[in-house]
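Peer 1: prediction below, plus the sequence it came from.
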Amino acid sequence: MYRLADGFIFSFAADGVQVVDFRSREVQELGAVSADWIAQLALGRYPRAWTPAEPEALKELIVPGGLQVDPVIEARLRQLDWLFLASYWTHLTQREQSAYEQILAAHCMRKRILAGYCQLPVLPETTLRRALLIGDAERVGRKKIVCVGDDDLTSIGLAALGHEVLVFDVDTYLVELISLLAARSGLDVKVQPVDLHEALPERYVGEFDCFLADPVSNSLCLRLFLSRGLSMLKPKGRGYVAACVRATALHEELAGEMQLQVARWLRRYNRYYQSGVLDLYESDWLELERGVGSAPTYAPSERVPVTPETYVASDASDTVLMQCYVGFPQASSGGQEMLGELLSGLDERSAEGARAHAGSQGTTWASHQITTVAGFVSCLADENSESVFLVKYPAARGDHARARRALLALEAGRSRGRRSAAGRRLQWSKREIPRWRWMSGSH
């Protein structure tokens, strides 16, 4: 059997398939190729070495071996996770630490992502915290849990903590991958290839203690996922749903519509990554409780008309994420203060009507967020990847130029004699500034 080489993943974009280098983040276009062919290679089941029938770009990337942990992806994800995991790792039980290792291994065997269908995986550390929120079965009792879609592989963490898990997903690659991972580790996870817009099988109605979902933030998709999840809950069961900050009002509306009680609303709980880089997009995590009057908008027996855009389009897609690779020395020394200055330069109105300022930093990273009445601006600097990420909602014309001016102004202000803790002058690389990448946020 043959597989995709270490350090590379497949990404299905809207206009074709790409192979992404996790180390350099370089992308090679493969064009239109068979989804099944790609899935077999990603699963380590491809029957032969490269031949001229395959894309030239894969000539050196089809290698012997079956499905296994990718050491390049593992090293990078562990590094990203440790930015957050270091603060509580020693407080985890041995079983919880083991659950994390199983989650990380699962993420590092995933070699294909449907980027064109809004598959933006959370960090393994986030997957762990989602599972920990429900708890270890030895402490809270064994729960029967359904994952309504699971491109974040949360089922692996839940089962590693002793729960019984069922996964519904329309992505046949994920169905196969999760089944393989569960079988290898002896985990109690079953996977069903289910399209949620079809009627829900009666045997699943009212059968589960919890459901989890991370749907796209548009009204039809959210109604569909919440309806199916609610239909499968036992009385007083709980649902856990990711909420895009831009869709807060929509989530509040739907919770009221279905008479679901919001037990907890955990802000900025979910952190995501793409191509080996921490994505600045973060989502909230809602814990919903089924009450006596709770009822789904769509009955379990109802077939819901949808289009392909239902699973990819967002009602709040006018966010711009900007990333540039610049030197960020000594993130731990005044990093948060520097990012606050950068945000002020990006949006002169950020201080007006501010609802909240938040910032944090570690030894090699710093972040700062400002929430305003109209939206928010956030910034994260990671010294390890020498990257600065900014996100602004709503997006406005001229954001690119304002970001460039803000970086230049910060560089000028910091370079006038001020030195870091290591005695070096804090500098930004001007020649790198034009390398901003822009992406429309649509999760």
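Peer 2: Thanks, I have the structure now.

Peer 1: only C-alpha atoms from now on, for both contacts and neighbour counts.
Peer 2: Will do.

Peer 1: any stretches of the chain with poor pLDDT?
Peer 2: 14-15, 116-117, 280, 307-443 (pLDDT under 70).

Peer 1: mind listing the residues bridging to residue 164?
Peer 2: Beta bridges link residue 164 to residue 144, judged by DSSP bridges.

Peer 1: hang on, I meant residue 233
Peer 2: residue 208.

Peer 1: what's the domain layout of the chain?
Peer 2: Annotated domains of the chain cover 2-64, 71-104+116-311, 319-441 [automatic domain parsing].

Peer 1: what ranges do the helices span in the stretch 101-250 of the chain?
Peer 2: Taking DSSP state H, counting those that start in this stretch, the helices of the stretch 101-250 of the chain run over residues 124-134, 137-140, 154-160, 172-185, 219-232, 248-257.

Peer 1: nearest to residue 114, of the ones you listed?
Peer 2: helix 172-185 (9.9 Å; Cα to Cα).

Peer 1: next, the buried residues of that closest one.
Peer 2: Within helix 172-185, the residues scored as buried using 16 or more other Cα atoms under 10 Å are 173-179, 181-182.

Peer 1: so which residues make contact with that helix?
Peer 2: For helix 172-185, contacts defined as Cα atoms under 8 Å, 6 or more residues apart in numbering pick out 39, 43, 106, 110, 150-151, 153, 156, 169, 188-193.

Peer 1: now those residues: which count as buried?
Peer 2: Buried among the contacts of helix 172-185 by 16+ other Cα under 10 Å: 39, 43, 106, 110, 150-151, 153, 156, 169, 188-193.

Peer 1: sorry, back to before: most tightly packed of the helices of the stretch 101-250 of the chain?
Peer 2: helix 154-160 (a mean of 28; mean count of other Cα atoms under 10 Å).

Peer 1: now that helix - C-alpha only, PDB.
Peer 2: Written as PDB, here are the backbone C-alpha positions of helix 154-160 (Å, rounded to 0.1, in the frame of the first residue of the first chain):
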ATOM      1  CA  THR A 154     -14.000  15.200  19.000                       C
ATOM      2  CA  SER A 155     -15.500  11.700  19.100                       C
ATOM      3  CA  ILE A 156     -12.000  10.300  19.700                       C
ATOM      4  CA  GLY A 157     -11.500  12.400  22.800                       C
ATOM      5  CA  LEU A 158     -14.900  11.600  24.200                       C
ATOM      6  CA  ALA A 159     -14.500   7.800  23.700                       C
ATOM      7  CA  ALA A 160     -11.000   8.000  25.200                       C
END
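
Peer 1: ok so, going back, and of the helices of the stretch 101-250 of the chain, who's closest to residue 33?
Peer 2: Going by Cα to Cα, the one of the helices of the stretch 101-250 of the chain nearest residue 33 is helix 172-185, 15.1 Å.

Peer 1: sorry, back to before: which of the helices of the stretch 101-250 of the chain sits closest to residue 304?
Peer 2: helix 219-232 (7.7 Å).

Peer 1: returning to what we had before: max pairwise distance over the contacts of helix 172-185: which two?
Peer 2: 39 and 188 (23.7 Å).

Peer 1: if you tally nearby residues, what's the number for the closest residue to residue 2 other than its chain neighbours?
Peer 2: Leaving aside its sequence neighbours, residue 2 sits nearest to residue 64 (Cα to Cα, 6 or more residues apart in numbering; 4.3 Å). Using other Cα atoms under 10 Å, residue 64 has 16 other residues around it.

Peer 1: now residue 19: how far from residue 58?
Peer 2: 9 Å (Cα to Cα, to the nearest Å).

Peer 1: I misspoke; the intended subject was residue 118.
Peer 2: Taking Cα to Cα, one finds residue 118 at 25 Å from residue 58.

Peer 1: what would the helices of the stretch 101-250 of the chain look like in a markdown table with distance to residue 1?
Peer 2: Putting the helices of the stretch 101-250 of the chain into a markdown table (distance: least, Cα to Cα, whole Å) gives the following:
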| stretch | distance to residue 1 |
| --- | --- |
| helix 124-134 | 28 |
| helix 137-140 | 38 |
| helix 154-160 | 25 |
| helix 172-185 | 16 |
| helix 219-232 | 37 |
| helix 248-257 | 46 |
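
Peer 1: among those, which is nearest residue 35?
Peer 2: It's helix 172-185; of the helices of the stretch 101-250 of the chain, that one is closest to residue 35 (Cα to Cα) at 9.1 Å.

Peer 1: which SS class is residue 279?
Peer 2: Classification of residue 279 by DSSP: H, G, I helix; E, B strand; the rest coil places it in strand.

Peer 1: in the sheet, who's paired with it?
Peer 2: The partner residues for residue 279, given DSSP bridges, come to residue 272.

Peer 1: what number of residues lie near it?
Peer 2: 21.

Peer 1: shouldn't it be in contact with residue 122?
Peer 2: No. Counting by Cα atoms under 8 Å, residue 279 stays clear of residue 122, with 9.1 Å between them.

Peer 1: give me the common contacts of these two.
Peer 2: 271-273.

Peer 1: any idea which of the residues you listed has the most stuff around it?
Peer 2: When neighbours are taken as other Cα under 10 Å, the top entry among these is residue 271 (21 neighbours).

Peer 1: and that residue, how far from residue 251?
Peer 2: 19 Å.

Peer 1: same check on residue 160?
Peer 2: For residue 160, the distance to residue 251 - Cα to Cα - is 30 Å.

Peer 1: again with residue 18
Peer 2: Taking Cα to Cα, one finds residue 18 at 34 Å from residue 251.

Peer 1: ok, residue 165 - contacts?
Peer 2: Contacts of residue 165 (Cα under 8 Å, 6+ apart): 144-147, 155, 158-159, 188-190.

Peer 1: tell me the spacing between it and residue 207.
Peer 2: 12 Å.

Peer 1: which neighbours do the two have in common?
Peer 2: residue 144.

Peer 1: which SS state does residue 301 fall under?
Peer 2: Per three-state DSSP, residue 301 ends up coil.
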